[in-house]
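Q: how would this look folded up:
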Amino acid sequence: MNDELASPSVRRALVADIICVILFATIGRASHGEALSPGGLLRTGTPFVLGLAVGWVIVVTARIPAQRWLAGLVLWASTLLVGMVVRYFTDQGVAVAFIIVAASFLALTLIGWRAVMIGIRTARRRKRQV
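A: Purely as a prediction, here's the structure:
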């Protein structure tokens, strides 16, 4: 498993995903007028970082290329599901509206950046072929 994580492109993907989850926690706290303190961000973000970690174990174990949309889908599902389960068992709330917002934001970011990169790579390849 360490060989897969040693790749610079995989490390960049991991960092991008962590940034997406931190951004989610930060925007969520800010939109509700909650403090953006390290402790507050840690409390809000930890369930989703745990979910992201589970997803990365699945992606690496299954040898799914980290930059592909399928990796984004796996990471989105695990981040959302594990995050909500942890929030439920730690009494942080899992209102339906929150689940919808979380699902939308995490899909947009975790799958979205991969879709953009795939589009850029495809456009570059086509441009070279012309």
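Q: what's the pLDDT at residue 3?
A: For residue 3, the pLDDT comes out at 60.
Q: now do residue 49
A: 98.
Q: And the residue nearest to it when sequence neighbours are not counted, how close does it get to residue 29?
A: Closest residue to residue 49 apart from its sequence neighbours, by C-beta to C-beta, 6 or more residues apart in numbering: residue 21 at 5.6 Å. The way it works is simple: take the backbone N, C-alpha and C, and place the C-beta from them, glycine included. Distance of residue 21 to residue 29, given as C-beta to C-beta, to the nearest Å: 13 Å.
Q: Can you pick out the residue with more neighbours from the two?
A: The residue with more neighbours, out of residue 21 and residue 29, is residue 21; 24 against 18, by other C-beta atoms under 10 Å.
Q: What's the first helix or strand after the helix or strand harbouring that one?
A: Element membership for residue 21 (DSSP states H and E) is helix 8-31. Per DSSP H and E, the first helix or strand lying C-terminal to helix 8-31 is helix 38-61.
Q: For that following helix, enumerate the helices and strands it packs against.
A: helix 8-31, helix 69-89 (3 or more C-beta pairs under 8 Å, 6 or more residues apart in numbering; DSSP states H and E).
Q: one more time with 10 Å
A: Under the contact definition 3 or more C-beta pairs under 10 Å, 6 or more residues apart in numbering; DSSP states H and E, helix 38-61 sits against helix 2-6, helix 8-31, helix 69-89, helix 96-106.
Q: in it, what's buried?
A: Counting neighbours by 16 or more other C-beta atoms under 10 Å, one finds that the buried residues in helix 38-61 are 41, 44-56, 59-60.
Q: same question, stretch 100-111
A: For stretch 100-111, the neighbour count (16+ other C-beta under 10 Å) marks 102, 103, 105, 106, 107, 109, 110, 111 as buried.
Q: Over to stretch 16-36?
A: The neighbour-count check on stretch 16-36 (16+ other C-beta under 10 Å) flags 16, 17, 20, 21, 24, 25, 28, 29 as buried.
Q: residues contacting the closest residue to residue 110 other than its chain neighbours?
A: Distances taken as C-beta to C-beta, 6+ apart put residue 76 closest to residue 110, at 4.6 Å, once the chain neighbours are dropped. Listed by C-beta atoms under 10 Å, 6 or more residues apart in numbering, the contact set of residue 76 reads 17, 20, 51-52, 55, 69, 103, 106-112.
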